[in-house]
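1. sequence first, then the predicted structure:
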Amino acid sequence: MQRRLLSASFGAVFAILPVEGAQAQTVQELQAQIDELKATIAEMKAAQKGKPSPGPTPTPPASVAVASAPTAAPTAVPAAPRVEQPPVAVAVAAKPAKPHWYDRIGVRGYTQLRFSEIISGDRRAPDGVSRLRSVGDGGIGDDTNFTFRRIRLILQGDLSDRVSFYFQPDFANSVANQSGGERREGFVQLRDAYVDTFLDRDKRFRLRFGQSKVPYGWENMQSSSNRLTLDRSDGINSAVPGERDIGVIAYYTPPQVERVWKRLEDDGQKLFGNYGAFGVGVFNGQGINRTETNDGVMTVAMATWPFALDGLGGAFDGQVLELGGAVLRNGIQPEIRSGGTSDIVYREERGGIHAILYPQPLGFQAEWNWGRGPEYDVSRQAIRSLPLNGGYVQTMARVRRSPVGPFMPYARWQYYRGGWKALTNAPRLETNEVEFGVEFQPVSALELTLAYAHMERREGDERRMGRAEGDVIRTQLQWNY
């Protein structure tokens with residue numbers, strides 16, 4: 001009985017041993033497949049991230065103990081099912097979307113609100129005698145309060161890599177003689193409408209077509225939104241009242257000049273704008289928004305160059321001195337009081353120079369021009385081409401930080417003797433004026449200017465004689481958008 005039991009036990013053991021061996025081999029195979037699947041997934045993740053995939057994880061040895069018998073026959077192990085590897089997703093960079101035409105266009109502008117008051121002097125005068133008035137500011141007068149000096153809206157942008165455009169109307173113009181000589185305010189007038197064509201990849205050489213600023217006079221070229229004083233000087237502005245005309249200009253700016261101007265711009269200096277270090281142009285010559293009346297053209301040439309004075313050391317570190325000049329030749333037919341324009345083309349020739357030492361923190365600025373142009377000769381009761389000269393000298397300081405924010409005080413003296421061709425009959429102006437002011441900028445979008453001026457002026461009307469004198473206080477709030 002015992003022998004039968006032992007035989008049965010050994011038989012059971014031998015019968016069980018092959019099955020346990022097969023199970024152990026199946027577990028090893030499955031573990032290897034799992035490890036292989038893990039390695040595949042790791043490779044997929046690495047391919048998506050653009051990183052090299054980690055190596056396969058080594059298979060740990062099986063921990064199942066197997067008893068083997070010398071008489072046991074090998075048992076066939078079933079083949080493991082094949083695991084399909086999913087396709088590896090490769091990230092492809094999307095093509096940048098083509099910009100729309102309106103993505104290349106920018107809109108900006110500024111508005112200037114003024115309050116002017118004549119505190120003493122010739123506010124009123126009898127007929128034939130000059131009153132205290134200014135050709136640069138119609139708000140200086142009798143019984144005036146608030147006025148809009150400028151309301152500008154600017155559209156500009158790129159039509160292509162080599163072509164850009166600029167469009168600027170002004171919504172603060174007036175129309176006279178509406179009812180017994182009364183003015184109407186708030187009319188729109190075209191200021192700029194031009195296109196720039198760049199002839200080189202670096203955009204240093206350009207041709208400008210349309211109505212734009214005439215390159216004569218540094219402060220004439222400077223934007224009124226950027227100018228420190230409230231108005232341009234009579235002597236320089238008399239060359240191109242309104243600063244613009246229709247024509248064609250070629251501008252060129254060398255790279256070394258661009259670098260200096262960029263440095264000044266980054267420093268927050270009041271520049272005249274990158275119109276080019278050299279400019280040559282031809283224009284109609286009759287003035288802004290006026291019909292051409294003769295076959296002649298106005299020719300203008302300008303040059304300006306900023307000199308960095310850092311090499312001199314000491315007090316000159318960071319200083320930039322800009323020097324330049326311009327010449328103008330024109331034939332003009334002024335409007336006459338009897339109606340229309342003069343039948344005579346009057347010769348106008350002038351040249352000017354400028355010098356600007358940018359405030360670091362003290363600065364200096366001056367311009368002057370000489371020549372001859374149309375002017376009403378009272379003794380002959382007729383317009384003639386007569387000598388003219390005038391300009392200004394200005395000093396200013398720049399305070400970058402204060403309890404009220406950045407501010408710039410200034411003082412300017414201006415002088416002019418000559419005709420003003422944009423007014424009827426080209427009357428003679430006689431200007432001698434001293435102005436003191438300060439510009440505050442509490443935030444970048446707001447600028448507040450307070451100014452006092454002692455004026456001695458001949459009114460821009462050939463029917464009024466002599467010079468008016470008085471004191472004027474003006475304030476201006478400018479907001480930029």
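-> Here it is on my side, so go on.

2. may I see the domains of this protein written out as residue ranges?
-> 1-92, 101-480 (automatic domain parsing).

3. pLDDT on the first one, on average?
-> Average pLDDT, domain 1-92: 53.

4. in JSON lines: the domains of the chain, plus mean neighbour count.
-> Placement of C-beta: from N, CA and C, glycine included. Listed next are those as JSON lines, based on neighbours: other C-beta atoms under 10 Å:
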{"stretch": "domain 1-92", "mean neighbour count": "11"}
{"stretch": "domain 101-480", "mean neighbour count": "17"}
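
5. and the residue nearest to the spatial centre of the chain, helix, strand or coil?
-> When C-alpha atoms, centre = their mean is applied to the chain, the residue found nearest the centroid is Gly273 (8.3 Å). Following DSSP: H, G, I helix; E, B strand; the rest coil, the label given to Gly273 is coil.

6. phi, psi of it?
-> Backbone torsions of Gly273, given as degrees, to the nearest 10, read phi 90, psi 150.

7. then Gln31?
-> Dihedral angles (degrees, to the nearest 10) for Gln31: phi -60, psi -40.

8. ok, the one 4 residues further on next?
-> Dihedral pair for Asp35: phi -60, psi -40, per degrees, to the nearest 10.

9. what do you get for the one 5 residues further on?
-> Recorded main-chain torsions at Thr40 are phi -60, psi -40, according to degrees, to the nearest 10.

10. tell me the spacing between it and Gly268.
-> Thr40 sits at a distance of 60 Å from Gly268 (criterion: C-beta to C-beta, to the nearest Å).

11. next: Pro361.
-> 12 Å.

12. over to Thr424?
-> 42 Å.

13. same question for Leu388.
-> Leu388 is 36 Å from Gly268, by C-beta to C-beta.

14. kindly report the same for Val393.
-> 24 Å.

15. go on, Val214?
-> 27 Å.

16. likewise Pro126?
-> 49 Å.

17. repeat that for Tyr392.
-> Using C-beta to C-beta, Tyr392 is found at 23 Å from Gly268.

18. with Pro403 instead?
-> 19 Å.

19. could you pull out the strands for the stretch 351-481 of the chain?
-> 362-377, 382-397, 407-419, 428-443, 446-457, 468-480 (DSSP state E, counting those that start in this stretch).

20. in JSON lines, list the ones you listed along with mean pLDDT and distance to Gly279.
-> Output for the strands of the stretch 351-481 of the chain, formatted as JSON lines (pLDDT from 0 to 100; distance: least, C-beta to C-beta, whole Å):
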{"stretch": "strand 362-377", "mean pLDDT": "98", "distance to Gly279": "16"}
{"stretch": "strand 382-397", "mean pLDDT": "98", "distance to Gly279": "20"}
{"stretch": "strand 407-419", "mean pLDDT": "98", "distance to Gly279": "24"}
{"stretch": "strand 428-443", "mean pLDDT": "97", "distance to Gly279": "27"}
{"stretch": "strand 446-457", "mean pLDDT": "98", "distance to Gly279": "28"}
{"stretch": "strand 468-480", "mean pLDDT": "98", "distance to Gly279": "27"}
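
21. export these as a markdown table, with columns for distance to Ser342.
-> A markdown table is the format used below for these (distance: least, C-beta to C-beta, whole Å):
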| stretch | distance to Ser342 |
| --- | --- |
| strand 362-377 | 8 |
| strand 382-397 | 6 |
| strand 407-419 | 12 |
| strand 428-443 | 16 |
| strand 446-457 | 25 |
| strand 468-480 | 27 |
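
22. what strand or helix carries Gly109?
-> Following DSSP states H and E, one finds Gly109 within strand 105-121.

23. one more: Trp261?
-> helix 255-266.

24. CA atoms only for that helix, dumped as CSV, please.
-> Provided in CSV are the C-alpha atoms of helix 255-266 (Å, rounded to 0.1, in the frame of the first residue of the first chain):
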residue,chain,number,x,y,z
PRO,A,255,24.0,104.4,-42.3
GLN,A,256,26.1,106.4,-39.9
VAL,A,257,23.5,109.1,-39.8
GLU,A,258,20.8,106.5,-39.2
ARG,A,259,22.7,105.2,-36.2
VAL,A,260,23.0,108.6,-34.6
TRP,A,261,19.3,109.4,-35.2
LYS,A,262,18.3,106.0,-33.8
ARG,A,263,20.4,106.7,-30.7
LEU,A,264,18.7,110.1,-30.2
GLU,A,265,15.2,108.6,-30.8
ASP,A,266,15.8,105.9,-28.2
